[in-house]
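> build me a model:
(one chain, ligands or ions: 1)
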Amino acid sequence: MSSLLSLREVAKAYRGDAAPFALEVPAFELAEGEALALAGPSGSGKSTLLMMLALALPPDVGRFTFAGSDIARLWREGRRDALAALRARRIGVVPQTGGLLPYLTVAGNIGLTQRIAGCEDAARVRMLAEELGIGAQLRKRPAELSVGQRQRVAIARALAHRPALVLADEPTASVHPELADAVLALLKRECDQAGAALLVATHDPERAARAGYPVLACETHAPGADGIARSVFARASLVEAA
Ligand SMILES: Nc1ncnc2c1ncn2[C@@H]1O[C@H](COP(=O)(O)OP(=O)(O)OP(=O)(O)O)[C@@H](O)[C@H]1O
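Numbers count the residues shown, from 1 in each chain. So this is what the prediction gives:
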């Protein structure tokens, strides 16, 4: 498998407020089609890392490549257009609470990523909906679905445009605990089938491991002499959960 994502000596700090925070990523690799859970307590920087990987937040320093593009350089050169195009074509996102557009049907919501990426494919929308058990709901609006069904729509939408990478930030936060294991397993299976790499941020490493994910736990460090709390995500500390 070849490398899809590579970060070296990347850092991102929020210094402005009373409780400054720094995220450090000495080394991180993700291969094409690989799945991984990023685990850490609340405030440990999981969302910050995912936003950086979603090309929505620039790193302060370091080397960062994704799908053959030098992301750190694109940020340095202010190439927001190129970053947005790469995000639209190659990345799918599953937000915590679905993030569906209420005025679009289920089919319209799933097809949204295809329209933005310029690759409309109604057959793929139907195929993903069938796979995820929401094939009968395609004409409904999100308000007419259960919370679990909405999260399945969000998974289908994240995959509809055939992204290389799917990012999911606590995708089971709004789902009943009984459903959470199933949603995580479904997300992994669908990404596997689509050949997409998958990163899931979670505060519950046991649940992610139960759903079959390798887990990368972050190291957290209380504020030192400089008053900055630090979190370190390093692929070298990969913990293969049983
Ligand atoms: N825009 C911002 N400006 C300043 N500080 C921020 C900003 N965004 C996040 N932080 C701080 O960065 C730290 C990491 O936040 P982040 O949301 O990445 O953590 P998290 O692990 O995703 O947390 P949670 O699990 O609660 O969502 C926190 O201390 C937070 O207060």
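> the residue most central in space within the chain in helix, strand or coil?
Central residue of the chain (Cα atoms, centre = their mean): L167, 1.2 Å from the mean position. Classification of L167 by DSSP: H, G, I helix; E, B strand; the rest coil places it in strand.
> measure stretch 185-201 end to end?
End-to-end distance for stretch 185-201, by Cα to Cα, to the nearest Å: 14 Å.
> list the buried residues for it?
Going by neighbour count (16 or more other Cβ atoms under 10 Å), the buried part of stretch 185-201 is 186-191, 194, 196-201. (C-beta placed from N, C-alpha, C; glycine too.)
> what does stretch 149-169 give?
Quick answer for stretch 149-169 (16+ other Cβ under 10 Å): 149-169.
> next: stretch 14-28.
The neighbour-count criterion (16+ other Cβ under 10 Å) identifies 21-26, 28 as the buried residues of stretch 14-28.
> ok now it, how far from the chain's centre?
Between the centre of stretch 14-28 and the centre of its chain there are 20 Å (Cα atoms, centre = their mean, to the nearest Å).
> please name the residues that touch the closest residue to V93 other than its chain neighbours.
Computed as Cβ to Cβ, 6 or more residues apart in numbering, the closest residue to V93 that is not its neighbour in sequence is L167, at 5.2 Å. Applying Cβ atoms under 8 Å, 6 or more residues apart in numbering, we find L167 in contact with 50, 53-54, 91-94, 199.
> distance to the ligand, pLDDT and secondary structure for these - can I get that in CSV?
Compiled in CSV, the contacts of L167 are given as follows (distance: Cβ to the nearest ligand atom, whole Å; pLDDT from 0 to 100; DSSP: H, G, I helix; E, B strand; the rest coil):
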residue, distance to the ligand, pLDDT, secondary structure
L50, 8, 96, helix
L53, 12, 97, helix
A54, 12, 97, coil
I91, 18, 98, strand
G92, 19, 97, strand
V93, 14, 96, strand
V94, 15, 93, strand
L199, 13, 98, strand
